[in-house]
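K.L.:
Okay, here's the prediction I keep looking at, along with the sequence it came from:
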Amino acid sequence: MRPDKIFDELLEGTLQKATQVDARGVHLTVAEVMPVHGRGDVDFGGSEMKAAHVNPLEPVEHKPGDRYGWWRLEAGAYIVRFNEKIKAGAAPMLLVSNERLLSCGCHVAATMAGPGEVRTVLSVPHVGLRMKQNARIAMLVGWD
């Protein structure tokens, strides 16, 4: 599926087509970052499943008057929620790290994203990461 068609027809909550769409897919933008604080439990049938404990981080101003804040992330695992949502009825698409994120030594877990909210796990190395609100860190790729 063409990236511009994904952007126009399958997503809501998008910010700016000119910077979010390229030949490979649609860049998704970060809305919320939540460090994983406590253990989760996963079993075969799901009756004993327990999600890990997370709390959203508040972004902070880098310079006075900044329109958007920054998250200062230490090494570890974070749940990331994106601004964009996939509309009902859309086929699953693959979510992967984009080049910008990889160049910082970080990556998101490749995820099959279906209708609704898009979330994934962000891994940050020992050197940490500074990330601005609405940063483009992952791409959504569809196929026909």
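P.N.:
Yep, it's here.
K.L.:
contacting residues around the residue lying closest to A90 once chain neighbours are set aside?
P.N.:
Nearest non-adjacent residue to A90, counting by Cβ to Cβ, 6 or more residues apart in numbering: L10, 4.4 Å away. All C-beta atoms are positioned from the backbone trio N, CA, C, and that covers glycine. With contact taken as Cβ atoms under 8 Å, 6 or more residues apart in numbering, L10 is in contact with 1, 86-87, 90, 93, 142.
K.L.:
how far away is L10 from N98?
P.N.:
Using Cβ to Cβ, to the nearest Å, one gets 18 Å for the distance from L10 to N98.
K.L.:
now do A77
P.N.:
Per Cβ to Cβ, A77 is found 19 Å from N98.
K.L.:
ok, the two, which is more surrounded?
P.N.:
The neighbour count for A77 versus N98, taken as other Cβ atoms under 10 Å, is higher for N98 (19 against 14).
K.L.:
right, and the more buried one touches T29 too?
P.N.:
No: the criterion here is Cβ atoms under 8 Å, and N98 misses it with T29 at 10.9 Å.
K.L.:
Need the residues touching each of those two.
P.N.:
136-137.
K.L.:
hang on, T120 packs against M112?
P.N.:
No: here T120 does not reach M112: they are 10.3 Å apart, not a contact under Cβ under 8 Å.
K.L.:
got a list of what G114 touches?
P.N.:
By Cβ under 8 Å, 6+ apart, the residues touching G114 are 86, 90, 92.
K.L.:
ok, now K50?
P.N.:
Per Cβ under 8 Å, 6+ apart, neighbours of K50: 40-41.
K.L.:
One more: G105?
P.N.:
Residues in contact with G105 (Cβ under 8 Å, 6+ apart) are 125, 127.
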